[in-house]
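A.B. asks: sequence? don't have it. structure:
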DNA sequence: TTTAGCACTCGTTAGAAGAGAGTGCTAACA
DNA sequence: TGTTAGCACTCTCTTCTAACGAGTGCTAAA
């Protein structure tokens, strides 16, 4: 168990290092107002803290730097009740002031704000697909051979896909098919579309349309494709500001990891609702082992949950950032709620 | 006018520098098989070339490096009839082999291939909007208060936008309106939608719907919004490989410029059809003054033109890259043509 | 006209010296 | 017994110097 004094020393070290990115020496700690004891005492305490694995040296005669364990402790026990400046809260609220009624817009803007306010990189992930339900299906013929299938969800999300119409299929049949599908499948969760589409409407369709098999196969392929998760990223270049990313190789590996949208989506999905902080090696991904990832969830509609995330160096302003994410995710949830409350 | 020998020397310098990124000395030139004269002779020629502004030194006793003017000359006059390896052509063709029938997919994949084959960053811009014509308009109600407006173009492009339905507007009216709009506006180029939507249908709508003014205002705002140009970017991290981007500040300014999609779109738009090379300061944008940008056009449908671009250091493999872009833009045009030929 | 030779330039690298920041330990102090 | 002043020691970082080498420009000879 840590003594009061050790807690204080650890707190000062982390706070200091977060702002300066430089190892913190005993003398600079003793100069702090809230510290009343001498640098020698602090050195003793630091030796203990180091033994416990909460801080480390960069070399034998350097100041101390928080270890990952140290950050973890800090996040778990030392977050002071931090108050966001009115300005910060305002700038979030202002952004939501003007009526935005498109999911994409809200999210895009949120990502922008978050990265701007923090100088880290923000990533927002849309709600999980299996909660979304089919609202309407639509086929728009383009030429005699091609058409666009459009799928609208109850969340206002629109998915579309162009496809080829095989010669042996009549446009009329397609139309019939769509009508039937609409009638039967409206309200079905997207993720169940794949099974339902067969079970429920197979027979019905067969009796009504010619060349059912083939037409259906096409339609299905066009619609029930795995939809790549949509990510909204803000402030990608902010990473480059951080001194820990002077090393181009690190930047490179981080950026190429961010290009793999699926992986990231998966990473963010796995979060339970609420706020979670992953520090350094707590992230499974190699490229992120010098980073911390903070995730929070927002609610869309009834019980669809999406994720907002913030990626920065382990030396992150946890205090402020966590508050910000609370406010933002709350604001997003609020906004979305107003869409559905009737 | 340059002598044969000067041409040869310049060519060797550029070729060499493109591969090594190191200043080229007279001795290393004289070692080349195709060079039959001594290093002293070369030094004389180099002095002349430098006087003409085609090459420069990095410091008083260094080897030579092509100047921008030198690259320009090289691109204009010294591109040897380069042959792509069969492998390269194959990998492009292979990618187009499987039937892709969605514009986005083809483009996305093309961008991927191009960046992979070149190790530079590829940017593809969709066709200009004003050539695209409205195919169908659709309104899908979500709740009593919200709906999604969907717009399909003749190219299979789908644009959508959620909007709020003011209480004083009836769903029936909206539907009527959409029907009328569809009837009258199908086939109208998108860019004219804004004017036509007023002129042609204003009167008609007034007589048929209640609360026309307001409903219409909403619909219009929902649809005729300036649509942000869609960019498809591949190999963003490739820039980081290039030795000229060891400087983080450069990387940063380049990346933040790439985040301004509108600017880039504008940049690429302004290209006349055909292939164009912009070297260093020939690019107006500040962040790109150490880069070369090669643009080529592809054709979609009747006469819609889109742009594919490649961004790399001025020290670019012009020869190979230009060939690649020819093949790729051709292949894209080919593919799109097959969609519309009936 | 071409080329061999040579002095000269300048960037790069390695090593040495010194400064500075910070530590651990010891001994004195309250 | 906990705290602190003092001091030797460690390690990094910066600066300076010297040596090296790649490459040039110029001169003179072939």
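C.D. replies: Sure, I can see it. These numbers were taken from a predicted model, which means no experiment stands behind them. Numbers count the residues shown, from 1 in each chain, chains lettered A, B, ... in the order given.

A.B. asks: The stretch 1-150 of chain A: helices as residue ranges?
C.D. replies: Ranges of helices in the stretch 1-150 of chain A, per DSSP state H, counting those that start in this stretch, are A:4-20, A:26-30, A:39-51, A:68-73, A:86-97, A:103-118.

A.B. asks: Quick one: closest of those to chain B.
C.D. replies: Across the helices of the stretch 1-150 of chain A, chain B has its closest neighbour in helix A:103-118 (6.8 Å, C-beta to the nearest C-beta). Placement of C-beta: from N, CA and C, glycine included.

A.B. asks: Sort out which residues of that closest one are buried, please.
C.D. replies: A:103-104, A:106-115, A:117-118 (16 or more other C-beta atoms under 10 Å in any protein chain shown).

A.B. asks: What's the mean pLDDT across that helix?
C.D. replies: Taken as a whole, helix A:103-118 carries a mean pLDDT of 91.

A.B. asks: Contact partners for the residue in the stretch 1-150 of chain A positioned nearest to DNA strand C?
C.D. replies: Closest residue of the stretch 1-150 of chain A to DNA strand C, C-beta to the nearest atom of the strand: residue A:25 (2.8 Å). By C-beta atoms under 8 Å, 6 or more residues apart in numbering or on different chains, the contact list for residue A:25 reads A:63, A:64.

A.B. asks: Can you read off the pLDDT for it?
C.D. replies: Reported pLDDT for residue A:25: 98.

A.B. asks: Phi, psi for it please.
C.D. replies: Here is the backbone geometry of residue A:25 (degrees, to the nearest 10): phi -100, psi 160.

A.B. asks: Looking at the buried residues of helix A:103-118, which is nearest residue B:21?
C.D. replies: residue A:115 (33.4 Å; C-beta to C-beta).

A.B. asks: I'd say the closest one and residue A:238 touch.
C.D. replies: Yes. In this structure residue A:115 lies within contact range of residue A:238 using C-beta atoms under 8 Å: 5.9 Å.

A.B. asks: who touches both of these two?
C.D. replies: Both residue A:115 and residue A:238 are in contact with residue A:121, where contact means C-beta under 8 Å, 6+ apart.

A.B. asks: From residue A:269, how far out is the closest residue to DNA strand D within the stretch 51-200 of chain A?
C.D. replies: Taking C-beta to the nearest atom of the strand, DNA strand D has its nearest neighbour within the stretch 51-200 of chain A at residue A:61, 2.9 Å off. Separation of residue A:61 from residue A:269 (C-beta to C-beta, to the nearest Å): 45 Å.

A.B. asks: pLDDT averaged over the longest helix along chain A, what's the number?
C.D. replies: Identified as the longest helix of chain A according to DSSP state H is helix A:318-340. Averaged over helix A:318-340, pLDDT sits at 90.

A.B. asks: what angle sits between it and helix A:103-118?
C.D. replies: With axes from the mean of the first three to the mean of the last three C-alpha atoms, to 10 degrees defining the directions, helix A:318-340 sits at 160 degrees from helix A:103-118.

A.B. asks: For helix A:318-340, which helices and strands make contact with it?
C.D. replies: helix A:86-97, helix A:103-118, strand A:291-300, strand A:304-313 (3 or more C-beta pairs under 8 Å, 6 or more residues apart in numbering or on different chains; DSSP states H and E).

A.B. asks: Report the angle between that helix and helix A:4-20.
C.D. replies: 70 degrees.

A.B. asks: Mind listing what's buried along helix A:318-340?
C.D. replies: Buried residues in helix A:318-340 (16+ other C-beta under 10 Å): A:318-325, A:327-329, A:331-333, A:335-336, A:339-340.

A.B. asks: Residue A:59 - how many residues pack around it?
C.D. replies: For residue A:59, the neighbour count with other C-beta atoms under 10 Å in any protein chain shown is 6.

A.B. asks: That one and residue A:289, how far apart?
C.D. replies: From residue A:59 to residue A:289 the distance is 21 Å (C-beta to C-beta).

A.B. asks: Also residue A:66?
C.D. replies: Note on residue A:66: its distance to residue A:289, by C-beta to C-beta, is 15 Å.

A.B. asks: go on, residue A:73?
C.D. replies: Note on residue A:73: its distance to residue A:289, by C-beta to C-beta, is 19 Å.

A.B. asks: Between residue A:61 and residue A:269, which is the more surrounded one?
C.D. replies: residue A:269 (14 against 6).

A.B. asks: wait, doesn't the more buried one sit right on residue A:126?
C.D. replies: No. Applying C-beta under 8 Å as the test, residue A:269 and residue A:126 come out as separate, 10.5 Å apart.

A.B. asks: ok, how many other residues are close to the closest residue to DNA strand C within the stretch 151-300 of chain A?
C.D. replies: The stretch 151-300 of chain A approaches DNA strand C most closely through residue A:243 (16.1 Å), counting by C-beta to the nearest atom of the strand. Per other C-beta under 10 Å, the neighbour tally for residue A:243 reads 10.

A.B. asks: Model confidence at the closest residue to it other than its chain neighbours, what's the number?
C.D. replies: Leaving out its chain neighbours, the residue that sits closest to residue A:243 by C-beta to C-beta, 6 or more residues apart in numbering or on different chains is residue A:21, at 4.9 Å. Looking at residue A:21, its pLDDT is 97.

A.B. asks: Surely residue A:21 and residue A:245 touch.
C.D. replies: No. Using C-beta under 8 Å, residue A:21 is not in contact with residue A:245, being 11.1 Å away.

A.B. asks: Looking at the two, which has the bigger crowd around it?
C.D. replies: Shown here are residue A:21 and residue A:245; by other C-beta under 10 Å, residue A:245 has more neighbours (19 against 13).

A.B. asks: contacting residues around the more buried one?
C.D. replies: A:239, A:251, A:254, A:290, A:313.

A.B. asks: State the pair within those residues that is farthest apart.
C.D. replies: Across the contacts of residue A:245 (C-beta to C-beta), the longest gap, 11.8 Å, separates A:251 and A:313.

A.B. asks: how close does the nearest residue to residue A:77 once chain neighbours are set aside get to residue A:46?
C.D. replies: Distances taken as C-beta to C-beta, 6+ apart place residue A:7 nearest to residue A:77, at 7.7 Å, with adjacent residues excluded. As for residue A:7, its distance to residue A:46 is 13 Å (criterion: C-beta to C-beta).

A.B. asks: of those two, who's got more company?
C.D. replies: The neighbour count for residue A:7 versus residue A:46, taken as other C-beta under 10 Å, is higher for residue A:46 (24 against 17).

A.B. asks: I'd assumed residue A:54 was in contact with that one.
C.D. replies: No. In this structure residue A:46 lies outside contact range of residue A:54 using C-beta under 8 Å: 9.6 Å.

A.B. asks: Would you check which of the buried residues of helix A:318-340 are in contact with DNA strand C?
C.D. replies: Near DNA strand C, judged by C-beta under 7 Å from any atom of the strand, there are no entries from these.

A.B. asks: re earlier: export the helices of the stretch 1-150 of chain A to CSV and tack on distance to residue B:165?
C.D. replies: As requested, the helices of the stretch 1-150 of chain A are exported to CSV (distance: least, C-beta to C-beta, whole Å):
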stretch, distance to residue B:165
helix A:4-20, 48
helix A:26-30, 61
helix A:39-51, 61
helix A:68-73, 49
helix A:86-97, 20
helix A:103-118, 17
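
A.B. asks: Quickly note the distance from the closest residue to residue A:35 other than its chain neighbours to residue A:280.
C.D. replies: Distance criterion C-beta to C-beta, 6+ apart; nearest residue to residue A:35, sequence neighbours excluded, is residue A:29 at 5.8 Å. The gap separating residue A:29 from residue A:280 is 23 Å, by C-beta to C-beta.
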